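Trainee: quick one, structure for this:
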Amino acid sequence: MMKSLSWLFALVCLSVWSPVRAAVDAPLPSDTLPRHPFLGVTAEPAPGRHVRVASLYPDSSAARSELKPGDVLVSVNGAPIDSVSTFVTRIRSFKLGDRIICHVQRGIKEMDIEMTLGEAPREQPSDVKVTYDTVRAGEATLRSLTTMPADARSKRPAVLFVQGIGCYSIEGPQTTPNLSRDFAYRLTRSGFVVMRTEKSGVGDSIGKPCRDVGFREEVAMFTSALRKLRSYDFVDKDNVFIFGHSAGGWLGPLVALQEPVKGIAVYGTVVRPFMEYLIENRRRNVWLRSHPDLAKLEDEQRQYASLLHYVLIEKLSAPEAIAKHPELTPVAKKVFPQDFDHLADDRSLQYFRELNDENVARNWASLNVPVLAMIGEFDIRTTQFDHEYLAAIVNAQHPGRASWQVVAKLDHGFVAHQSFDDGVANEFVGPFGEQVVERTAKWMEAQSTAEKASSSSMVDQ
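Mentor: You can find the predicted model right below:
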């Protein structure tokens, strides 16, 4: 069975888990961020408004304590923990060196576990240079990590990596899997500078909590990140791309309309109205994961669609929708498990309203840049139709500018599987699918080569 996020299936974010972590200060004296504490816990929702320890990062404060995977977090220093977001906020309220007491339930026992908050190790791969920096975006200051090839070449093509919808960190200890980091490292080894940027309130970033940031606010933040990337003297400003993973495919075209890019590649994204996507995504995932009575599932889908219509289209609050339609109370409790301001205890209702109002297709049609839309063969969170449709939307306005591809054996998070059933059962768990990086690098190199060839031809004439 799915975890308590099952009604939205973590939307289209890379992972349903939310690591409580922080990065280390950048080695740049003019533009630094204060360090936040790193507990070293990957937390996940548990039934009954609880939070469970899913895993521990090696050599972390939590790993050195008596905390164990499976423990249910009841409180931290006496403050109740009723959601992953509450847990993250609580840990972020401390500072390095603070001693905390986690009251946990382990089976039928309850106990207090004391630990001292430390900091996370910085990313230090042997063959890739990582620069820690910051991005100023309105009232927020965001942590950025830029990876560069180890050689001394002066100007490099560059990529802004725009991650999925979740409020998870793009950074993590070298000893633990991190798919966005793995993608960035592999693309860097292919010769590209790659920038990753934390969202507001995540890791070292300073600003309002990520879950309360609006969709348009987030577009502005990634636009600031793209400007920062293009400002580096080691970046070839005429060869800067966007790679949008999942929700990055909604953000990417809007960012590119504000700041010029050479091209946009996306993977596992959506181009249809977001409410339409949510309804289909829920149907597909419930069917594949829990094998329910499908006629009963369709009864639930009708209620789900009705509630989404009221809160996203008519802009009613959930209590207003329930007051008008009391029969929607059961589904509302599942869609809003913690409060009525956040869907699935994830992003804000305002974020989803702004996203649903956005005509993503029109944004793509407005861009006259090369586009590559990719989807994994075993992706169960998005559809091949959306990617084919995206390419058709671009080509209708700018013939020949877009293409789409199915990447064999990969799931939504770049993980390779042996079969579709394996992808459903073990989503996000397994070996990294190198082919997504190979195709992305080959496509970006082709765009640069084609442009140079075109320029040479014009000079010869």
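
Trainee: can you give me the strands for the stretch 301-450 of the chain?
Mentor: For the stretch 301-450 of the chain, the strands defined by DSSP state E, counting those that start in this stretch cover 371-376, 402-407.

Trainee: just these: most buried one?
Mentor: Compared across the strands of the stretch 301-450 of the chain, strand 371-376 shows the largest average neighbour count, a mean of 26 (mean count of other Cβ atoms under 10 Å). Any C-beta I mention is one placed from the backbone N, CA and C, and that applies to glycine too.

Trainee: could I get the strands of the stretch 301-450 of the chain as TSV with distance to I108 and mean pLDDT?
Mentor: As requested, the strands of the stretch 301-450 of the chain are arranged in TSV below (distance: least, Cβ to Cβ, whole Å; pLDDT from 0 to 100):
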stretch	distance to I108	mean pLDDT
strand 371-376	42	98
strand 402-407	46	98
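
Trainee: out of those, which is closest to G107?
Mentor: strand 371-376 (38.0 Å; Cβ to Cβ).

Trainee: what's the angle from that closest one to strand 402-407?
Mentor: Note on geometry: by axes from the mean of the first three to the mean of the last three Cα atoms, to 10 degrees, strand 371-376 and strand 402-407 are set 20 degrees apart in direction.

Trainee: going forward, the N-terminal residue is numbered 104.
Mentor: That works, and once the first residue is 104, the last one we named lands at strand 474-479.

Trainee: who does strand 474-479 touch, helix- and strand-wise?
Mentor: strand 366-370, helix 487-500, strand 505-510, helix 537-563 (3 or more Cβ pairs under 8 Å, 6 or more residues apart in numbering; DSSP states H and E).

Trainee: deepest in the core, which of the ones you listed is it.
Mentor: Mean neighbours per residue, mean count of other Cβ under 10 Å, is largest over the helices and strands packed on strand 474-479 for strand 366-370, with a mean of 27.

Trainee: and the helices and strands packed on strand 474-479: which comes nearest L357?
Mentor: When the helices and strands packed on strand 474-479 are ranked by distance to L357, counting by Cβ to Cβ, first place goes to strand 366-370 at 10.8 Å.

Trainee: circling back: would you format the helices and strands packed on strand 474-479 as JSON lines with distance to S272 included?
Mentor: Listed next are these as JSON lines, based on distance: least, Cβ to Cβ, whole Å:
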{"stretch": "strand 366-370", "distance to S272": "19"}
{"stretch": "helix 487-500", "distance to S272": "27"}
{"stretch": "strand 505-510", "distance to S272": "25"}
{"stretch": "helix 537-563", "distance to S272": "21"}
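
Trainee: any idea how far the most centrally placed residue in the chain is from K302?
Mentor: For the chain, G267 is the residue whose C-alpha lies nearest the centre (Cα atoms, centre = their mean; 2.4 Å). Note on G267: its distance to K302, by Cβ to Cβ, to the nearest Å, is 10 Å.

Trainee: ok, now N459?
Mentor: Using Cβ to Cβ, N459 is found at 20 Å from K302.

Trainee: between those two, who's got more neighbours?
Mentor: Using other Cβ atoms under 10 Å as the criterion, N459 and K302 rank with K302 on top: 25 against 19.

Trainee: tell me the SS of that one?
Mentor: At K302 the chain is in coil, as set by DSSP: H, G, I helix; E, B strand; the rest coil.

Trainee: quick one, what contacts it?
Mentor: By Cβ atoms under 8 Å, 6 or more residues apart in numbering, K302 lies in contact with L245, Q266, C270, S308, C313, V316, E321, M324.

Trainee: want to try CSV for those residues, with neighbour count, secondary structure and distance to V414 as columns?
Mentor: What follows is these, written out as CSV (neighbours: other Cβ atoms under 10 Å; DSSP: H, G, I helix; E, B strand; the rest coil; distance: Cβ to Cβ, whole Å):
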residue, neighbour count, secondary structure, distance to V414
L245, 26, strand, 29
Q266, 25, coil, 25
C270, 22, coil, 20
S308, 25, coil, 28
C313, 27, helix, 20
V316, 23, coil, 18
E321, 25, helix, 20
M324, 24, helix, 25
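
Trainee: closest one of these to D524?
Mentor: Distances from D524 to these, taken by Cβ to Cβ, are shortest for Q266, at 27.2 Å.
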